[in-house]
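Engineer: sequence unknown, structure follows:
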């Protein structure tokens, strides 16, 4: 999933992509850049994994896409969240936060 840094846990990429799209429509490169910059360079998403995730989310009805021009004037496909995608983001983020809290509890627990 990444070229260096930490590998993403199974199922994590979707929630990160949904979060990247929460503000405004983005093309794939901008989504990958948001994830990389927001993680201080820890997550570097490989194109194949990103576009597979975007297509999967499009099939689920979480995102819609349309062609437009990037900031550099190149033709690019822009993705935006649907209402279902916003609900999925809330649900996935809540699940992820519960997961992180539970792992934290285990890591702080004193072994028997």
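Structural biologist: Right, received. Where do you want to start? No experiment lies behind these values; they were computed from the predicted model shown. Numbers count the residues shown, from 1 in each chain.

Engineer: Below-threshold pLDDT in the protein: ranges please.
Structural biologist: 1-10 (pLDDT under 70).

Engineer: all strands for this structure, in order.
Structural biologist: Counting by DSSP state E, the chain has strands at residues 26-27, 63-69, 75-81.

Engineer: Next, count neighbours for residue 45.
Structural biologist: 25 (other Cβ atoms under 10 Å). For the C-beta atoms, the positions are set from N, CA and C on the backbone; glycine is no exception.

Engineer: got it, and residue 29?
Structural biologist: Counted with other Cβ under 10 Å, residue 29 comes out at 15.

Engineer: Distance of it relative to residue 23?
Structural biologist: Distance from residue 29 to residue 23, counting by Cβ to Cβ, to the nearest Å: 16 Å.

Engineer: Residue 47 now?
Structural biologist: 22 Å.

Engineer: for residue 110, same thing?
Structural biologist: 42 Å.

Engineer: So the two - more neighbours on which side?
Structural biologist: The residue with more neighbours, out of residue 110 and residue 23, is residue 23; 10 against 4, by other Cβ under 10 Å.

Engineer: tilt between the longest helix anywhere in the chain and strand 63-69?
Structural biologist: Secondary structure of the chain per DSSP state H: the longest helix is helix 83-108. Orientation note: helix 83-108 sits at an angle of 110 degrees relative to strand 63-69 (axes from the mean of the first three to the mean of the last three Cα atoms, to 10 degrees).

Engineer: Number the residues from 6 up from this point.
Structural biologist: Okay, residue one is now 6; in that scheme the one you just asked about reads as helix 88-113.

Engineer: Sort out which residues of helix 88-113 are buried, please.
Structural biologist: 90, 93-94, 97, 101 (16 or more other Cβ atoms under 10 Å).

Engineer: re the thing from before, just the strands of the chain: most buried one?
Structural biologist: Between the strands of the chain, strand 31-32 has the highest mean count of neighbours, a mean of 21, where neighbours are mean count of other Cβ atoms under 10 Å.
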